[in-house]
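[1] Sequence first, predicted coordinates after that:
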Amino acid sequence: MAETHVLFVEDDDVIREATQLALERDGFVVTAAPDGLTGLERFRANQPDIALLDVMVPGLDGVSLCRRIRDESTVPVIMLSARADSIDVVLGLEAGADDYVTKPFDGAVLVARIRAVLRRFGHASGPGGVGAARSAEAGGGEGPLRFGDLEVDPEGMEVRKSGVPVALTPTEMRLLLEFSAAPGTVLSRDRLLERVWDYGWGGDTRVVDVHVQRLRGKIGQDRIETVRGFGYKLKG
């Protein structure tokens with residue numbers, strides 16, 4: 001099995017070096033960068049499997065770096081933030097991050113989160129890189145699913161709106177496939193955290209809310225309905 005390549009952007013020398021050593025002990029190949037601009041250069045040069053970005057790095061902050069990466073790639077991104085209640089967390093998710101980890105973090109927790117993200121991406125960082133297992137669960141083999149002007153093809157991992165292709169990140173695709181598998185059914189945030197983000201424990205529901213918001217922006221604001229106090233459902 002190919003080694004997993006991690007880009008780690010962190011300006012604190014001690015945290016950067018200690019985390020790099022911990023990840024390397026767990027079998028990851030790590031390319032580290034002390035600032036955002038260097039991080040962007042090394043991302044382009046190395047094409048990592050996953051990026052870990054500290055929010056507050058100099059030169060090009062983590063949120064802006066995430067946005068630049070998302071403009072070029074669907075590679076998974078995890079933001080690192082010193083405050084779980086920081087607006088930076090939401091800004092990072094809105095910029096295209098797939099998850100976040102609060103600092104200070106335990107090395108084992110970070111490794112578990114990285115592996116969870118990679119599992120749901122099927123360890124594929126290119127366009128449409130989502131595992132085939134989710135396709136089967138969402139009705140693969142039965143042809144495209146249609147919801148008004150929205151067409152979802154679980155087998156081809158393609159989405160069209162009024163016949164026009166819609167570009168989704170793997171996490172957005174996973175989320176849409178969950179909704180498509182049960183149209184009209186209310187899915188709780190906790191269920192979506194478990195199914196899409198592989199959280200076997202309580203997670204931050206803001207991750208779900210921001211990704212739903214991003215998905216609505218691509219497939220139509222009215223396609224996913226909020227059921228207050230319960231969750232979300234896809235309109236048929």
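    Yes, it's here.
[2] Tell me where this protein is predicted with low confidence.
    The chain contains residues with pLDDT under 70 at 1, 84-85, 122-142, 200-203.
[3] care to break it down by domain?
    Recorded structural domains for the chain (assignment: the TED database) are 5-123, 145-234.
[4] Count the residues that sit near residue 156.
    12 (other CB atoms under 10 Å). All C-beta atoms are positioned from the backbone trio N, CA, C, and that covers glycine.
[5] what about it, which helix or strand?
    Using DSSP states H and E, residue 156 falls within no helix or strand.
[6] for it, what are its contacts?
    Residues near residue 156 by CB atoms under 8 Å, 6 or more residues apart in numbering: residue 144.
[7] Next, it: phi, psi?
    Reported as degrees, to the nearest 10, the phi and psi values for residue 156 are phi -80, psi -10.
[8] What separation is there between it and residue 173?
    Separation of residue 156 from residue 173 (CB to CB, to the nearest Å) stands at 11 Å.
[9] Could I get the buried residue list for the helix or strand hosting residue 225?
    Residue 225 is located in strand 224-227, with elements delineated by DSSP H and E. Neighbour-count burial for strand 224-227, counted by 16 or more other CB atoms under 10 Å, picks out residue 224.
[10] give the contact list for the residue minimising distance to the centre of the chain.
    Nearest to the mean C-alpha position of the chain, by CA atoms, centre = their mean, lies residue 98 at 2.3 Å. Counting by CB under 8 Å, 6+ apart, residue 98 touches 76, 77, 78, 117, 169, 170, 171.
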